[in-house]
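Take this sequence and fold it.
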Amino acid sequence: MINPIERITQNRIIKLFQEQLGYIYYGNWEKREHNSNVEQELLKKNLLQRGYSETLADKAVKEVYDLANTNAGNLYDRNKAMYSLLRYGVKARPELGEHFETIFPIDWQNWDINEFGIAEEVTLAKGQHIRRPDMVLYVNGIALAVLELKRGTVDIAESVRQSISNQKALFNEWFYSTVQFLMAGNNTQGLKYGTIETPDKYYLSWKEDEQDNEGYKLDKYLKKLCHKERFLDIIYNAVVFDSGVKKLPRPHQYFALKAAQPFIQRREGGIIWHTQGSGKSLMMVLLGKWILENVSNSRIVILTDRTELDDQIERVFNDVGETDIAKTRTGKELMDFLTAPRPRLVCSLIHKFGNKTETDFDTFIKELQENPVKTQGEIFVFIDECHRTQSGKLNQIMKAVLQNAVFIGFTGTPLLKEDRKTTMDVFGRYIHTYKFNEAVEDGVVKDLMYEGRSIEQNLTSQTKIDQWFESKTAGLNDFQKNELKKKWGTMQNVLSSKSRMEKIVADIIFDFQTKPRLRSQMGNAILVASSIYEACKYYNLFLQTELKNKCAIITSYNPNMRDVSTEDTGADTETDKEYIFNTYTELLKNVQVSGNKSKTETYESDSKERFRKEPAKMKLLIVVSKLLTGFDAPPCSYIYIDKKMQDHTLFQAICRVNRLDTDDKDYGYIIDYMELFGNVTDAINVYTSELDSEGFSKEEVEINLKDRLKIAIDRLMTALETVEAICEPVQAPHTDLDFIHYFCGNTENPDELKANEYKRMALYKAIVEYIRAYANLKADFINTSFTEAEVQRFHKKLDDYLNLREIIRKASGETIDLKSYEADMRFLIDTYIQAEEAEKVSPFDDISLLDLMETDMDKAIDSLPNGIKGNKEAVAETIENNVRSKIVEEHLLDPKYFDEMSVLLQELIERRKQETISYQNYLKEMAQLIKQVNRGKKDDVPSSLDTKGKVAIYHYVQDEKMALACEDAVQYAKKEGFRENKAKQNEIKSALYKVIKDTDKVEEVYKIIDAHKDEY
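Now for the predicted structure:
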């Protein structure tokens, strides 16, 4: 039964779809049989209205329906095949021997001649469990969107998780083969959207016309997303199937695509500025696909300035099914591709456009201008990180080579004033912008947290250093000694001293032992070294720590014997080159090459893949320059910087840690060992300078790095205040019974328990946030201004709230649903609470409370939270509610038996309340009742009834022979899939009637059969 408050919301939304969006209301389909993701009559009717013959309409309907209901492949593959069929049409012959025609189930170009409809409470009965989506949006009878609604007091995450579980094979996976949008909403949080198999953390919020604050945000964004033309436009132009993941566009990506289309139609270039981590590569794919489909004879050249970016762009296009693609290896090959008609898509590195010296550069440019390359097709040039490649000579070469091309620049940062002019000379004005602060606000990327760390170094004895130097350079003259002093006396060599690096390694290891995100199985880090030599030194130092076999080194180095052929000095020491060569030789010795890759390429590829997908097995990557751009790894949470960097390079490097991941990733952390704070702020603030001329204020693009300690303190205080505010309405004297009454109501009344559920969920979530905040700051309390008494208060509050959580859980008899953060909460408790011998949070381990009470009531009561076990009434209510929950849970399996158990429980409760039974006798009788409830059958059940289903039937019919006869009748009559087929159900009921001879009893026995899914 739908909640009355949800009913009001649902009625309002149905009215919105009818009156404001023009959808047809198909009705409430709760009792309608054979609901489908392809309503064949509706589809055929629209095809006939659009002028297709009956023969073609029938063939198209059959093909769409058959594909929608096939069992072949997984949900992703079926959905992808269906999307292709809907987008590109069904090929069919009107008659044998005639030419094939294309029938479009949906008219994408003339959106208003499609039939848009909505049905509510759509019962899906094909799966093992019946589910009923709140609303389904149909276009020409094809289910394209599902909307789940909740009342305002229930978190929107509940709707999201409901949609996710509906897609499981256990429920109604079959229905989602046609679905493009999955939406979840309520009146307080608005609307979130995703698509099939989207994890809950990647559900998105639409954002548009923020100044419009009339009405509910849920209504506002349903009107935005489900407007007929936009709804079809997003599905047609902005859906991507990327390497096993189906993706919908974020709002800024869709608006950038729409903004770019008129530029393309005018053959005008421009710049798309989307901040680091907001999906520039996918934006290239969306725009590239649109150009190839909408501009005849179009071709696209994608230029990057780093090999890893080149590889990434090619991979993304390949993953979305773009096969007419080539990657050039030389400048000549690039020119050959451009002068030939195919391929339509070319990836290349920017330096392939030439490498001329100062002396012949002007001549080279003049020759290109006088003898332009005769390229074929309309060429559109996409250039990634355009600001780095367009100042100076390269843009002149490009403009000379591709004189008629349209240039589209992509950047993750606004243009620096020194290269803005040259960049805009090539590309033109901004097409669309999506700035860092917008991305953080929208939850598209994580905010950045800065922490500078100083590694103090002192010379222990200048005299001994001088003596050592003199002895080692005895054979050199003064000039040679001075040159050597210059080389080795630089600050960098002091910074690369072994003792300093050992301290940094120890510091990083300490973080991996204490920081929740790094200690967990979910997070990892990057260390940026100043040189390949230092990277190797760091790598060898980490081999002596717990990160051995969990760290890797990624640099531009590839070992070759020529590197060291002239390095041997005759002394028993290694030069820097030998050290690097020997390090790489050792780490590559057991690597088995893969495909056409070298050992180094295989090692790096495997390491990066494990870093992305198995963070527990690859915790740290040591890099110099590689991976600091174009490398997306959501688990990466910390970047340790031990290298001088500035401007674009620094900003892009620190943005390696801002990708979204699991809930426990709260920020991207920047740990700075090089006192770069000035550079970091410059790298950010420099982008805000002189932006008024482009229409951007300093405030619009400002990026404020967060002070880690201050944020951690604020987070702890806010979390504590939140829990205290939730508990504030509890009546004095604030005993545990007072808390139970406030958060549960009358635990014997299921309606009161349900009515107070929102309070308990708010309490549980607030306590989890307090645990996280406490754990995040615990190791740093010494660095704060908190007194020892205040720290102890934080810890006591933690114990108190953990205890309160268990009291409410036990009293309400519920298993708390904290799916999105239960794992990391458990980790935090294990790490920070039990280490200090706090009260065990889950005292029963693998033994349920009822099982424990059945075997040893005293031990079970002693295991309850302190606040419950000290109060007899609280103990009794907790026991009773857990027994009642068990009875409710098992009732469908054996209604007759558990009805009796429910009566016995109620009688025992009444005797306790009327004090006609002593507390000790009450506990003894309760233990006996629990034993009966757990056993699930009476003592006198005949041994021939050896399954739960047979026992349940016996309890109902009260006759052994009749129960066995019913069992035989069902086994003989039942057919595969009877639960989804009314006719097959009737065959079972008919067979049962021959035994029981009573229609009402047949229905009750059938309910028992239907409930025992493991047996029938």
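
element containing the residue nearest to residue 133 when sequence neighbours are not counted?
Distances taken as CB to CB, 6 or more residues apart in numbering place residue 146 nearest to residue 133, at 4.8 Å, with adjacent residues excluded. (Each C-beta comes from the backbone N, C-alpha and C, glycine too.) Using DSSP states H and E, residue 146 sits within strand 142-149.

centre of the chain versus that strand, how much separation?
For strand 142-149, the gap between its own C-alpha mean and the chain's C-alpha mean amounts to 21 Å (CA atoms, centre = their mean, to the nearest Å).

which secondary structure elements does that strand contact?
With contacts taken as 3 or more CB pairs under 8 Å, 6 or more residues apart in numbering; DSSP states H and E, strand 142-149 sits against helix 4-19, strand 135-139, helix 156-166, strand 181-186, helix 228-237.

So, low pLDDT: which residues of the stretch 701-850 of the chain?
701-708, 776, 779, 814-850 (pLDDT under 70).

The stretch 101-250 of the chain too?
127-129, 152-153.

switch to 90 and redo it
For the stretch 101-250 of the chain, applying pLDDT under 90 flags the ranges 124-132, 150-173, 186-190, 199-202, 204, 207, 209-215, 240-245.

measure residue 603 to residue 37 for me?
In this view, residue 603 and residue 37 are 46 Å apart by CB to CB, to the nearest Å.

buried stuff in the helix or strand harbouring residue 586?
Assigned by DSSP H and E, residue 586 falls within helix 576-588. For helix 576-588, the neighbour count (16 or more other CB atoms under 10 Å) marks 577, 579, 580, 581, 583, 584, 587, 588 as buried.

Quick check, pLDDT for the first one.
Going back to what we said before, that points to residue 577. If you check residue 577, the pLDDT there is 82.

in the stretch 251-400 of the chain, which spans are helices?
251-265, 280-294, 307-319, 331-339, 358-370, 386-389, 393-401 (DSSP state H, counting those that start in this stretch).

ok, back up a step: show me what the helix holding residue 586 is packed against.
helix 532-542, helix 599-613.

Could you count how many residues lie near residue 623?
Residue neighbour count, defined by other CB atoms under 10 Å, stands at 23 for residue 623.

Please name the residues that touch it.
526, 527, 528, 529, 535, 553, 554, 555 (CB atoms under 8 Å, 6 or more residues apart in numbering).

Just the ones of those in strands?
When DSSP state E defines the strands, the subset of those inside them is 526, 527, 528, 553, 554.

Dump those residues into JSON lines; add neighbour count, distance to residue 264 and pLDDT as well.
Shown next, in JSON lines, are those (neighbours: other CB atoms under 10 Å; distance: CB to CB, whole Å; pLDDT from 0 to 100):
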{"residue": "526", "neighbour count": "23", "distance to residue 264": "37", "pLDDT": "93"}
{"residue": "527", "neighbour count": "26", "distance to residue 264": "42", "pLDDT": "94"}
{"residue": "528", "neighbour count": "25", "distance to residue 264": "38", "pLDDT": "91"}
{"residue": "553", "neighbour count": "26", "distance to residue 264": "43", "pLDDT": "94"}
{"residue": "554", "neighbour count": "23", "distance to residue 264": "37", "pLDDT": "91"}
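
Specify which member of these is nearest to residue 18.
Closest approach between those and residue 18, by CB to CB: residue 526, at 53.1 Å.

The closest one and residue 641 touch, don't they?
No. If you go by CB atoms under 8 Å, residue 526 and residue 641 don't touch, sitting 9.1 Å apart.

And the pLDDT at residue 891?
Value listed for residue 891 in the pLDDT field: 73.

Next: residue 365.
57.

can you start the count at 52 instead of 1 from here on
Got it, first residue is 52 now, which makes that one residue 416.

Please say which of residue 654 and residue 88 ends up with more neighbours.
Of the pair residue 654 and residue 88, residue 88 is the one with more neighbours under other CB under 10 Å, namely 25 against 22.

With that, I have no additional questions.
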